[in-house]
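Trainee: Predicted model and sequence follow; I will ask about them next.
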Amino acid sequence: MVNSGNRGSVSSSVGGTPAPEPRQGMPSTGSPGLDWRTNFRPDIPSAARVYDYLLGGKDNYPVDRELARSMMAKLPNVRTAAQWNRAFLQRVVRYLVGEIGIRQIIDIGAGLPSVGNTHEVAFDVARDARVVYVDHDPVVLAHGRDMLQGIRNAVIIEHDLLEPEAILADPVLTKLIDFSEPALLMFLGILHFVSDDADPADLITRLHAPFPSGSHVAISHATSDATPEVRDVGRDFDRATEQVHIRTRAEVLDLAAGLEPVPPGLVWLPEWRPDPGTDMPGNVTESYVCALVATKP
Ligand SMILES: C[S@@+](CC[C@H](N)C(=O)[O-])C[C@H]1O[C@@H](n2cnc3c(N)ncnc32)[C@H](O)[C@@H]1O
């Protein structure tokens, strides 16, 4: 099973750890020396674990549940919205693997294992698909490695989205991914954790740069365009492992500059190629998240 580095283990032994240099985006937690990326930190809410709670998962702690409940008070539909995001993920993978013929996927910001994970959906459609998950959260990495043990053609590697070249050069990735073949790069629920200073559009460009025309990028991103309270929730994350950077729908579209939106373009989560026969909910803007798939011309 994959072990792409020595920083991916979840450790409950945190005492005496020397203070690491803080990395970009790392919040001040009041506990210097205990970088959440290298030490298990159940005392700081983590984006992955909050999302796990919203989805009804079990890999979360009181601080995560507290933040999630604060979200639920401000955004009453947020748990349903999280389910809608997972359903979007599944429709994207089914469409691109099943109808477009994509066979290799890099899913950046994998999140904790849930129902209908990317590799499960892809393998259901095409057993020869290959999936590389990327994340920087030690709990995600531990559970992801566990989930993927003994599974061929699906791996999880420890990297930060802010370092695209390191992701692309990882020998575990290069063993599965062929740069001469179109790929699907997934950025679901992750780009709103990237500041403008880190230039998310450029990160996306650098990640799809080595892949040929016909490659695709999938994005889901929180926006306050229809619900201003989304910005207040963003502020709750100031004390979490990742901070939130809400964007307008126009700004989200700009993240895919140079790519051609796949119909129906930028829409609210439930509106992206709904399964035939699905009733469209009346409150699609209460997904709080917009969705886009775009292709490399
Ligand atoms: C809300 S979850 C989304 C999970 C999944 N993509 C989905 O949409 O269902 C966001 C994930 O992105 C990861 N993440 C956030 N910032 C990241 C970064 N800079 N590099 C790598 N992973 C990151 C978090 O650890 C978390 O697992």
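Mentor: That came in fine, so what should we check first?
Trainee: can you tell me which residues contact residue 45?
Mentor: Contacts for residue 45 (Cβ atoms under 8 Å, 6 or more residues apart in numbering) come out as 63-64, 66-67, 237, 239-241. (Glycine included, C-beta is placed from N, CA and C.)
Trainee: Residues contacting the host helix or strand of residue 73, please?
Mentor: Per DSSP states H and E: residue 73 is located in helix 62-74. With contact meaning Cβ under 8 Å, 6+ apart, helix 62-74 is reached by 42-46, 49-50, 52-54, 60, 78-79, 229, 232-233, 236-237, 240.
Trainee: before we move on, the earlier item: of the contacts of residue 45, keep whichever come out buried.
Mentor: Buried members of the contacts of residue 45, counted by 16 or more other Cβ atoms under 10 Å: 63-64, 67, 237, 240-241.
Trainee: What is the burial count for residue 280?
Mentor: 10 (other Cβ atoms under 10 Å).
Trainee: thinking it is in contact with residue 274, fair?
Mentor: Yes - the criterion here is Cβ atoms under 8 Å, and residue 280 meets it with residue 274 at 6.4 Å.
Trainee: Which positions in this protein make contact with the ligand?
Mentor: 47-48, 51, 85-86, 89, 109-111, 135-137, 140, 160-162, 188-190, 193, 242 (Cβ under 6 Å from any ligand atom).
Trainee: wait, doesn't residue 151 sit right on residue 119?
Mentor: Yes - if you go by Cβ under 8 Å, residue 151 and residue 119 touch, sitting 7.0 Å apart.
Trainee: and which of the buried ones among the contacts of residue 45 is nearest to the ligand?
Mentor: residue 241 (7.4 Å; Cβ to the nearest ligand atom).
Trainee: which phi and psi does the closest one have?
Mentor: Torsion angles at residue 241 (phi, psi; degrees, to the nearest 10) stand at phi -60, psi -40.
Trainee: and what of residue 221?
Mentor: Dihedral angles for residue 221 - degrees, to the nearest 10 - are phi -150, psi 130.
Trainee: List the residues that contact it.
Mentor: Here residue 221 is in contact with 189, 191-192, 247, 252, 255, 289-290, 292 (Cβ under 8 Å, 6+ apart).
Trainee: Adding pLDDT as columns, could you present those residues in CSV?
Mentor: Formatted as CSV, the contacts of residue 221 follow (pLDDT from 0 to 100):
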residue, pLDDT
189, 98
191, 98
192, 98
247, 98
252, 98
255, 98
289, 98
290, 98
292, 98
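Trainee: Show me which of these is closest to the ligand.
Mentor: Nearest to the ligand among the contacts of residue 221 is residue 189, at 3.3 Å by Cβ to the nearest ligand atom.
Trainee: what sits against the closest one?
Mentor: By Cβ under 8 Å, 6+ apart, residue 189 lies in contact with 51, 85, 109, 111, 220-222, 289.
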